[in-house]
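>>> Dropping a prediction and its sequence here:
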Amino acid sequence: MAIRIVGGGLAGSEAAWQAASRGVPVTLYEMRPVRPTAVHKTDRLAELVCSNSFRGDKLDNAVGLLKEEMRRLDSLVMRAAEASRVPAGAALAVDRERFAEIITDTLTAHPLITIVREEIASIPASSEREPVILATGPLTSDALSADLVSVVGQAHLYFYDAISPIVLAESIDRLKVFRQSRWDRSFRNAEAPRHIMTPAGTPVAQDFSPAMTPVAQAAGPACGVDDGEGDYLNCPLTREEYEAFYRALTTAESATVHDFDKERFFEGCLPIEVMAHRGPDTLRFGPMKPVGLTDPRTGREPYAAVQLRQDNLAGDHFSLVGFQTQIKWGDQARVLRMIPGLEQAEFVRFGMVHRNTYVNGPTVLAETWQVRSRPTLFFAGQMSGVEGYVESAASGLLAGINAAALAKGEPVSSPPRTTAIGALAYYVSHANPAHYEPSNITFGIIQALDPSRLGAGKAPRGKKARNEALSARALADLQEWVHDRTSQSVSAVSRA
Ligand SMILES: Cc1cc2nc3c(=O)[nH]c(=O)nc-3n(C[C@H](O)[C@H](O)[C@H](O)COP(=O)(O)OP(=O)(O)OC[C@H]3O[C@@H](n4cnc5c(N)ncnc54)[C@H](O)[C@@H]3O)c2cc1C
């Protein structure tokens, strides 16, 4: 009975602690400092790569609830965070050096944990008595990423997250833009030709059929490029405007996010400037394609168009569809304000591209964080499709508990969806795989309160009271789950 864990970040460290606390010997493989990543700066375990904040710490806040659940499950990450806490109001922020030092020292001193500094290039063999947890994070090394493809399939492994810019609705010039859905008439009538892109981002022959060709299906709606559904605000460009925009885009200064630009981009999420460098018309076949749109001012299809999609319920934010970019922010504002309708645009957020290796959770994982097709292998942390420090550590916590149970011949399980940890596990394994995106914990993914269990007139009034009621229920349900597990493991021991 033993567990191998690959990756000594937030998830891997927590998983190692949980498994070893249950009496299972653990070997933890961490490639730093033998092989560094583009972002980590030290050789410590559980290094925080960016902010030093674990976000809100109150029970009217979903991440506050998640942390409280982790404390109740004796999380090492939470212990270290408390011990290295710095003043941050209602948030939990830490001294990053001290935090990583506590985790490194605790795991190093643990008699059941062996730490090996080595890059693991292929997924180790696993069995019921010797399960493996992969927790190599958003910066999983290239060799291991390549091997991951063999387990999850290329289509279910993502390499980059791309963020498109968002503008304030009130700063859009409504006299220049028009509201319309692409394909509105042409798609349904199936008469007008459609341009499609290969997965390599190069335009291919026009498609005259109403059905999506295999190539178009494979490419999918790249990074949120209009899929023909819903209304958009369209910014039409004349040929002269497009050419001026193209020149500005291809000469703008690109931000070099570490070495990410030297690496392979996920073809469905190419930055617009990378697409532009492939040829003057590539954008007109991609995110700036005008087909299916009619400018009401001219009665004709524009030469090119940029689409804006409502980005929040209030309707005061619009994102530029398929406009992920890593142009430096100053230049980004200058170039994007050349788009008709956006001359006075105020940016709520600029576009960014960053490395993020993660799997399509609902296709690959069960809610115990086991790989469906290979239950002796677990994924945990950011690569399993969660987002954020706390969420990554929480997934490592559950993967560690379940891997230890498997190794000991005990049942595996996940807390109910009424808890934050259970809700996260459920989201990762049951969200819509077609539009899967890693998620932070929110009350939105936790099972809603059941009015029939509350009694007449007992429904909490207001958001804060409702969230506190959700938290109270979560903590009670978590306690019950812990109790059930303890009795199951006791009966497994007495059976043995
Ligand atoms: C640039 C950047 C900034 C971020 N900023 C924030 C932020 O401010 N707040 C936030 O909540 N989240 C942030 N994140 C997300 C953050 O990375 C995760 O929340 C968290 O670190 C994920 O934990 P993890 O354990 O999954 O991965 P990590 O903490 O990255 O740990 C993975 C470990 O695996 C090791 N490893 C990789 N490949 C191998 C291999 N083949 N063999 C052995 N070891 C290997 C790595 O060296 C690393 O130590 C950021 C991510 C990036 C990329």
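Received, thanks. Just so it is clear, the model here is predicted, and its values are computed rather than measured.
>>> going forward, measure contacts and count neighbours with C-alpha atoms only.
OK.
>>> what's the helix or strand that residue 358 is a member of packed up against?
Assigned by DSSP states H and E, residue 358 falls within strand 352-359. Helices and strands touching strand 352-359, as assessed by 3 or more C-alpha pairs under 8 Å, 6 or more residues apart in numbering; DSSP states H and E, comprise strand 157-163.
>>> how far does the strand it packs on sit from the chain's center?
In terms of C-alpha atoms, centre = their mean, to the nearest Å, the centre of strand 157-163 is set 8 Å apart from its chain centre.
>>> any idea of the mean pLDDT in it?
The pLDDT scores in strand 157-163 average 73.
>>> and for that strand, what are the contacting residues?
148-149, 223, 265-266, 269, 271, 323-325, 350-360 (C-alpha atoms under 8 Å, 6 or more residues apart in numbering).
>>> Now narrow the residues you listed to whatever sits close to the ligand.
Contacts with the ligand within the contacts of strand 157-163, as defined by C-alpha under 6 Å from any ligand atom: 355-356.
>>> which of the contacts of strand 157-163 are buried?
148, 223, 265-266, 269, 271, 323-325, 350-360 (16 or more other C-alpha atoms under 10 Å).
>>> pLDDT on the strand holding residue 358, on average?
The model assigns strand 352-359 a mean pLDDT of 82.
>>> and the following helix or strand past that strand, what does it pack onto?
Sequence-wise, the next helix or strand downstream of strand 352-359 (DSSP H and E) is helix 361-364. On a contact count with 3+ C-alpha pairs under 8 Å, 6+ apart, helix 361-364 meets helix 420-430.
>>> just how off-centre is the helix it packs on within its chain?
Offset of helix 420-430 from its chain centre (C-alpha atoms, centre = their mean): 14 Å.
>>> and the helix or strand following it, how far from the chain's centre?
Remark: after helix 420-430, the chain's next helix or strand is helix 451-454, criterion DSSP H and E. The chain centroid and the centroid of helix 451-454 are separated by 34 Å under C-alpha atoms, centre = their mean.
>>> elements contacting whichever helix or strand comes after helix 451-454?
Per DSSP H and E, helix 451-454 leads on to helix 463-495 as the next helix or strand towards the C-terminus. Secondary-structure packing of helix 463-495 (3+ C-alpha pairs under 8 Å, 6+ apart): helix 62-72.
>>> Name the residues that touch the helix it packs on?
Residues contacting helix 62-72 (C-alpha under 8 Å, 6+ apart): 55-59, 78-79, 390-391, 394, 397, 420-421, 441-443, 467, 471, 475, 478.
>>> What subset of those residues is buried?
In these, burial by neighbour count holds for 55-59, 78-79, 390-391, 394, 397, 420-421, 441, 443, 467, 471, 475, 478, counting by 16+ other C-alpha under 10 Å.
>>> what pLDDT does the residue nearest to residue 470 when sequence neighbours are not counted get?
Excluding the flanking residues, the one nearest residue 470 by C-alpha to C-alpha, 6 or more residues apart in numbering is residue 449, at 6.7 Å. Note for residue 449: predicted pLDDT of 91.
>>> Use 26 as the first number for this chain going forward.
Renumbered: residue one is now 26, and that last one reads residue 474.
>>> State the number of residues packed around residue 474.
As a burial measure, residue 474 scores 16 neighbours (other C-alpha atoms under 10 Å).
>>> Distance of it relative to the ligand?
Per C-alpha to the nearest ligand atom, to the nearest Å, residue 474 is found 27 Å from the ligand.
>>> Look up phi and psi at that residue.
The phi/psi pair for residue 474 (degrees, to the nearest 10) reads phi -70, psi 140.
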